[in-house]
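Asker: please work out how this folds:
(chains A, B and C)
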Amino acid sequence: MPRILIILALTFSISTFSLAQSFVFTAIPDNDETRLIQRFSKVADYLSEKLDVEVKYIPVKSYPAAVTAFRHKQVQLAWFGGLTGVQARRLTPGATAIAQGYEDKKFKSYFIAHSSANLTKSEQLPQALFGKTMIFGSKSSTSGRLMPELFLRRQLQVTPDEIFSRIGFSGNHSRTIALVQSGAYQVGAVNYQVWEQELAEGKIDRSKVDIFWITPEYPDYHWTVRGDLDRQWGKGFTKKLRRALLELKDPELLAAFPRSSFIPASDNDYDLLEVSAKAIGLLD
Amino acid sequence: MLDKIIPVSKTGRVLSGFGLLALLCWISGDITITTATPGAEFQRMLAGLLHPQWPSLNELIHAILQTISYALLGVALAAVGGFLLSLLFHLRLVRVVCASLRAVHELFWGLLLIQLFGLQPLTGLLAIAIPYTGILAKIYAEIRQEAQQRHKPYLPAQCTALSRFFYTDWPFIKTDFAHYTLYRFECGLRSGTILGFIGLPTLGFQLETAFMQGHYADVTGLLLVFYGLIATIHWWGQFKFWSLYLTAALYYLWPGMSFNVNDIGWLLEQITPAPWREINSSFSTWFYPIVSQQLLPGLWNTLVTGQIALVLSALLGLVLYPLLSNHFGNPITRWTGHLSLVILRSTPELILGFALLLLWGPSLLPAIVALAIHNGAIIGHLTGRHSNNIQLRPDSAQGVNRYSYEITPRIMNQFLVFTFYRWEVIMRESALLGILGLHTLGFFIDSAFESFRLDVALILIIASALLNIGVDSAGRIVRQYLHLPTHRVIERS
Amino acid sequence: MTAAVKQDHFFLDLHCSGVQYDGKQILQPFHLQFPAGQRVAILGASGVGKTTLLKVIFDHLNNTAQKTALIPQQLGLVENLSVYHNVYIGRLDRFSTISNLVNLVTPKANAKQTIQSILNKLSLGNKLNVPCGELSGGQQQRVAIARAIYRQANTLIADEPVANLDQNQAEIALTAMMENHTNCILVLHNTQQALKHCERIIGITNGQITLDSASKQISAQDLTDVYLTRDAG
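Answerer: All right, here's what the predicted structure looks like:
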């Protein structure tokens, strides 16, 4: 019995110690969710060196889980998709966007189709979409759901439910490509970066699946921090963190996201997304 | 009318009713194979199946420890809570509370608790502990009741409840308690694993990631680890090690646990229906679309999936049970049968459903087949073991004749008990499989959580709980009508 | 011993080196010959090895591929199946599996007719479609007898087949059994029935065959000896 008490006491002290010390961040990359820990712990080491505090990375599976962890202070810094960042800031008073990827200023989605759907590349979304089956990415993905749905509604003047005979959500972009390639769905909307990367890796057979429409540009992934960082880590910590991110030039580290560099961003950059999400009923 | 032509028993009538209903569901439900060219994906799966791979040992051990810790602490908490509640089980309120706790799938509890605690151990172990408390309270109460009835005649009428408990109940029930609690621990491992699908760092986290990325070699490797854990649980999971394990699990998980009281207020606010939080908004304009666009379609698809899966599970159970029955085959076929049934029933239906979805595309079919395989294997396993109690005449028939005339009629009653007991479980899992993207209740619940509309999520969760409670009592009514035993069925593996 | 009969007229010629179970001698070594057409009763107090002897005999007949009908003491009925199907079980080996499976759903007309007439004889005529589980002990015993009769085997092996029947019913049942089988070996507990229906009596005491003679030559003393000397061994 006394031994157990000692162990328990020890656990207490360790836990309070570790909770107080490390700065935690998470990132959900738009592609390849495997070996996240190896890839992002190097980013953690970089931040740790620049910020002079212990930095830990925790892998998070889904957007809502990431938002929840962020809200619960279990994560102080997060690499969110466009819409998720908006959601996180709405749920966490004081949180702000501090940086975005170079590519994220002008992000876009590809509409792709299985060869059997007979959709050819066009300037506008074709009327032939009516009656097809459609797969989006994750339900709260900006490039896989929000913006594609917005453009569908704008151009065809009706809701996706009225356009497609069946609508699915794949959960991530690689899956979207796989599902359209296998013919499980005729049409899909996918993050352009993931498409280009998988194309380069030879995972895509363009005789089976190809692009037929490209969306206009919109902002997407960005870094969001909690508002209480300076209180906990000292004045100027948020600025220091932002500088560290903007100064990150090591291609190996950037490849984890994958982005060529990070550039400044602010909350207003994402107003378009918030308005769009409200328009299609994803936000109240 | 039919009775005039063929003598149809009560059982025959009930079973053909269920069969007919399933047929109607099949015709009217959304059941198709939509994939045009699934060959490549199937080949990749097969290749992965043949060449298992494992993630780094460090990550693997971490995931295993997390899974076991959630299961241990969750089941231990549930055992204590369930035992205390079982003492008050004569109170209607307690029975209703317990029924509600267990009517909500642990993954839905997980989705709800993640909002309260975030991504941390408390979420995982409570997601297991809460529904399991409801289950264990009921089972403990039934075991105790059985013991009391057995000893009542011998006991002096005036002895106190406590002395009666320790002199007659406890010695009689403790082995049953232990057995059932250990069985629940095994279930807890499965639950802990699939909690990874919503983001907790258990084996399921890596499984889902590997699936999503199409890394089927990793999927196979992780599944093998999982089967290994389950298959050896009788060896490493014994009660004598529990105090050690519990201390270790607590030590391991404690640093991650935290709780902020304010979050309760936040959650209560979020689950309050939106129109009640704002002035000037009407409840019905908010509520009506939820019912017509989410609740009703979700309920319908859940029912269709559940009813077809129930009938298919039963049929599969009947086909599979001879694989491990002593009355058929030889030791080698029985051993292989046993092994394949262990694999089929240990594979979480969420994982089966996922694989089938990739192959067949989205309709209710992958969910139905996944549920049928998982539950059919369980029913087959229980029935097969039960059939071993039968003693046959020395001159009884062999092969199919033995199957159809000697064994199957004899195990029919017990088989029906097992099957109707699974009814509620199948329905609960039908709702859950919506998380994969099929439009059962789980789909709408998951969507509500993704858009942080906890008020909508709660309404849908309550609907699924009511459905399960309804099916549970329907099952009891059917068992009574057929004069089947209505008491507990302890599933041990 | 019975009068000498030519070897090929025996339906059973059985050398047994004894039966042991758990290190205990249940049956002593014996040699028994059963001429074709003979009806034999095995008598003895309970627990002396009658059922074991019957099992040895049945196994031997089975190994020599002789068609045999069996009524074990536990009857071996399938409670969830109707009387019709339980009796039909007697001829499962005579039809194709498919036809057996179809019969489960739609009973065969001719089988139904045959079985009905057997049941009529045993005063079970109105029970054709009743599940066996709903019958009384005596009724169940008669279903087992009907199954044996329906089997149409030359040889019948039965272990106390009429133990639960009243005098009158037992008489009818035994007569029916004798009429439908050429060779009969029955364990009986009622000596009167044994003497009346069987030509030969075998008595067992403590695993040993202590009496084996024609019914006509048997004395009351012989019979009491079989039961009385039980503790002598």
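
Asker: of all of the stretch 201-350 of chain B, which residue lies closest to chain A?
Answerer: Nearest residue of the stretch 201-350 of chain B to chain A: B:P255, at 3.9 Å (Cβ to the nearest Cβ). The way it works is simple: take the backbone N, C-alpha and C, and place the C-beta from them, glycine included.

Asker: whoops, chain C was the one
Answerer: C:L101 (38.9 Å).

Asker: quick check: closest non-adjacent residue to the residue most central in space within chain C.
Answerer: Central residue of chain C (Cα atoms, centre = their mean): C:A158, 1.3 Å from the mean position. Nearest residue to C:A158, sequence neighbours excluded (Cβ to Cβ, 6 or more residues apart in numbering or on different chains): C:I71, at 3.9 Å.

Asker: what about that neighbour, distance to C:I204?
Answerer: Here C:I71 is placed at a distance of 19 Å from C:I204 (Cβ to Cβ, to the nearest Å).

Asker: for B:Q145, same thing?
Answerer: 49 Å.

Asker: now swap in C:F30 and tell me
Answerer: 10 Å.

Asker: put the alpha carbons of the helix or strand where B:A448 lies into PDB.
Answerer: For B:A448, the enclosing helix or strand under DSSP states H and E is helix B:441-450. Provided in PDB are the C-alpha atoms of helix B:441-450 (Å, rounded to 0.1, in the frame of the first residue of the first chain):
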ATOM      1  CA  LEU B 441     -27.800   7.800 -37.500                       C
ATOM      2  CA  GLY B 442     -24.000   7.800 -36.900                       C
ATOM      3  CA  PHE B 443     -23.400   9.800 -40.100                       C
ATOM      4  CA  PHE B 444     -25.600  12.600 -39.000                       C
ATOM      5  CA  ILE B 445     -24.200  12.500 -35.400                       C
ATOM      6  CA  ASP B 446     -20.700  12.700 -36.700                       C
ATOM      7  CA  SER B 447     -21.600  15.500 -39.100                       C
ATOM      8  CA  ALA B 448     -23.200  17.400 -36.200                       C
ATOM      9  CA  PHE B 449     -20.000  17.100 -34.200                       C
ATOM     10  CA  GLU B 450     -17.900  18.100 -37.100                       C
END
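
Asker: mean confidence for it?
Answerer: Mean pLDDT, helix B:441-450: 94.

Asker: packing partners of the next helix-or-strand element following that helix?
Answerer: Counting by DSSP H and E, the next helix or strand C-terminal to helix B:441-450 is helix B:454-481. Where contact means 3 or more Cβ pairs under 8 Å, 6 or more residues apart in numbering or on different chains; DSSP states H and E, helix B:454-481 is packed against helix B:10-28, helix B:92-103, helix B:106-117, helix B:262-271, helix B:283-290, helix B:296-320, helix B:408-432, helix B:441-450.

Asker: mind putting those helices into CSV with mean neighbour count?
Answerer: Output for these, formatted as CSV (neighbours: other Cβ atoms under 10 Å in any protein chain shown):
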stretch, mean neighbour count
helix B:10-28, 14
helix B:92-103, 17
helix B:106-117, 24
helix B:262-271, 13
helix B:283-290, 13
helix B:296-320, 23
helix B:408-432, 24
helix B:441-450, 26
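
Asker: quick check: pLDDT value at the residue nearest to A:A256 when sequence neighbours are not counted.
Answerer: In this structure, A:A256 finds its nearest non-sequential neighbour in A:R39, 4.3 Å apart by Cβ to Cβ, 6+ apart. On pLDDT, A:R39 comes in at 84.

Asker: okay, now A:R39: neighbour count?
Answerer: A:R39 has 20 neighbouring residues, counting by other Cβ atoms under 10 Å in any protein chain shown.

Asker: wait, is it part of a helix?
Answerer: Yes - assessed by DSSP: H, G, I helix; E, B strand; the rest coil, A:R39 belongs to a helix.

Asker: measure it to B:W360 for me?
Answerer: 33 Å.

Asker: likewise for B:Q115?
Answerer: In terms of Cβ to Cβ, B:Q115 sits 33 Å off from B:W360.
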